[in-house]
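>>> sequence unknown, structure follows:
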């Protein structure tokens, strides 16, 4: 009897150690802390999952069950280490729906070599342990029944004790809660709400297992009341001096892949420079989301988290849907495959009448997601007439670019193109002209003074990235030329925005933003600065005459795009149907606090929180009133995000 109990207990305590140590590693990596705040709430879940090891009768079932739990534990640890290393993200079970997309874009550049060794070490130790225990420890068969009875009693006792302790911990969570938006919730509801909307906070406070069970609980037990504030709120947005100022105008909206401000240069990107200096530039625009999320925000004004490839019927309040009703021709373009992120379904259900995707085979010849993307200039040249139609009807065209997607030092086909093809009429190749501008100071490479061991690689990556942005600028010039040739430039609103920061890494280097901003801190909000600008001659003049400037200086994000466009086109809309506010109804930085669906943090460029109570970053030491105002605005934002998640997940109709 002693032998079989030793085996079971050895396996039980081994997996306790695996669960605990793997979670400590994740906590240390993500937060620099030892373990979760509510230690017992997480730890007793280990007992719940591992107690069946003491209860099962069959040795084969026991070993199989234990091995599955071990594999899941190491897999979860590995997923979190990879995401933290590559994008400072925390793994969510909702990411499983993107498994196909992940396999398409996966690169070993996303993995830290030491993390691989760590995972291999866990696996090796487990295998050796199992071999030793199950080969060296013997027992007599006649003692099996009595040993299993003892194991079952101990296992059931541990499960019962665990649920009692969890009940006590839930009461403690409810009692100690100081976050206003969570008032009135019991402990379990607080854990579920936090897991769904503030996963970094849930990880730090309650642990990995509670985070994932909280996510499952949120999926299974949806609170429909959360959506009522949006569905039942028919308050119209307020008019302002710009409302209806360009009524009936065309709309050309461009989301620039990795559109970040340091790429803008009068010589290298003259068209982008023109838009941002003569239009309304928003230098305090920020974004940290996956590309498809930022895209959806720019089209609909809100987004689910995550976006299902099946799509959602948002035609009642999406920009495409509302403009369809006014007789616009609505068209979506992207030089990527239609299946990527399920975009075909997603954008059609968002209201677009026409869709155009990349259909060639260039990627198949040179590698998939290796930097050899279909050039933006080629895509625009091929589709220019349908992107800027000239049939007498107003149009809304949306284009998601691709050339500037990372990696930035592995796409040999495009790199050779930039080094061998003249840039406009300069007489120099893209690459040589970029170097000329770098040397004469007209363009500043943000890493030119970096001297680390990997300096040669990271500086080269920034240079290649700039060449890709130069190619986008040629595309923009083609679109502007087409608008002028068809006499539509004066009656077209152009919107451009970046989807996210320059996060990509290659050749074993860290993400480029880490070098540019000299930080690995995911809460350092300034690293998420992106391009956002609007351009139309009539609007430009009106804004300049009213403000004597071409910049809008409050904090904004892509959430402001849809309500702003509806506002200046003179289209009535319900304010509650959109996460952000029109920039022309914005009077404070806190009017458009940004929620990152990728990191589950809330911030403006000066201050950041991940749990509505802890200030994870502040640009300077702000007084209590400033912090209180920010946290209040952040709580209001997370309430909106929660409401929209319910609307999307339940397929509710917003009229």
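On my side now, so go ahead. The shown structure was predicted, so the numbers you read here are calculated from the model rather than taken from an experiment.
>>> Contacts only, for the residue nearest to residue 538 when sequence neighbours are not counted.
Distances taken as Cβ to Cβ, 6 or more residues apart in numbering place residue 246 nearest to residue 538, at 5.6 Å, with adjacent residues excluded. (Each C-beta comes from the backbone N, C-alpha and C, glycine too.) The contact partners of residue 246, taken as Cβ atoms under 8 Å, 6 or more residues apart in numbering, are 491, 493, 536, 538-539, 568-569.
>>> How about residue 377?
403, 471-472, 474-475, 478.
>>> Give me the pLDDT for it.
On pLDDT, residue 377 comes in at 94.
>>> give me the element it is part of.
helix 376-387 (DSSP states H and E).
>>> Next, the buried residues of the top helix by length along the chain.
Longest helix in the chain by number of residues (criterion: DSSP state H): helix 144-176. Neighbour-count burial for helix 144-176, counted by 16 or more other Cβ atoms under 10 Å, picks out 147-148, 151-152, 154-155, 158-159, 162, 165-166, 169-170, 173-174.
>>> Ok, stretch 554-573 next?
Applying 16+ other Cβ under 10 Å to stretch 554-573 flags 554-569, 571, 573 as buried.
>>> And stretch 344-363, by the same measure?
Quick answer for stretch 344-363 (16+ other Cβ under 10 Å): 344-352, 355-358, 363.
>>> Residue 227 is in contact with residue 650, correct?
Yes. Residue 650 lies in contact with residue 227 (Cβ atoms under 8 Å); the separation is 7.3 Å.
>>> quick one: which of these two has more around it?
residue 227 (21 against 12; other Cβ atoms under 10 Å).
>>> Would you double-check that that one falls in a helix?
Yes. Under DSSP: H, G, I helix; E, B strand; the rest coil, residue 227 sits within a helix.
>>> Which residue is the nearest non-sequential neighbour of it?
Spatial nearest neighbour of residue 227, excluding adjacent residues (Cβ to Cβ, 6+ apart): residue 646 at 4.3 Å.
>>> what about the one you found, which SS state?
Applying three-state DSSP: residue 646 is helix.
>>> OK, contacts around it?
222-224, 226-227, 652.
>>> next one: residue 551
280-283.
>>> What remains of these if I keep only buried residues?
280-282.
>>> I'd like the list of the residues you listed that fall within strands, please.
Using DSSP state E, 280-281 are the members of the buried ones among the contacts of residue 551 that sit in strands.
>>> these two touch, right, residue 329 and residue 398?
No. Residue 329 is beyond contact range of residue 398, at 11.8 Å (criterion: Cβ under 8 Å).
>>> Between these two, point out the one with more neighbours.
Between residue 329 and residue 398, counted using other Cβ under 10 Å, residue 398 has the larger neighbour count: 25 against 18.
>>> Can you tell me the SS state at the more buried one?
strand.
>>> doesn't residue 352 make contact with it?
Yes. Proximity of residue 398 to residue 352 meets the contact threshold set by Cβ under 8 Å, at 7.3 Å.
>>> Identify the contacts common to these two.
Shared contacts of residue 398 and residue 352, counting by Cβ under 8 Å, 6+ apart, come down to 320, 330-332.
>>> farthest-separated two in those?
320 and 331 (8.9 Å; Cβ to Cβ).
>>> any common contacting residues for these two?
With Cβ under 8 Å, 6+ apart, residue 320 and residue 331 have common neighbours 352-353, 396, 398.
>>> Just the closest of the residues you listed to residue 118, please.
For the shared contacts of residue 320 and residue 331, the nearest to residue 118 is residue 398 (43.2 Å; Cβ to Cβ).
>>> Tell me the spacing between that closest one and residue 343.
11 Å (Cβ to Cβ, to the nearest Å).
>>> could you point out where the protein is predicted with low confidence?
Filtered on pLDDT under 70, the chain yields the residue ranges 1-5, 97-110, 135-148, 309-310, 361-371, 410-411, 506-508, 652-655.
>>> Which stretches in it count as strands?
So, for the chain - with DSSP E - the strands run 250-256, 280-281, 329-334, 354-357, 395-400, 492-498, 532-535, 594-596, 601-604, 607-609, 615-618.
>>> Thank you kindly, that will do.
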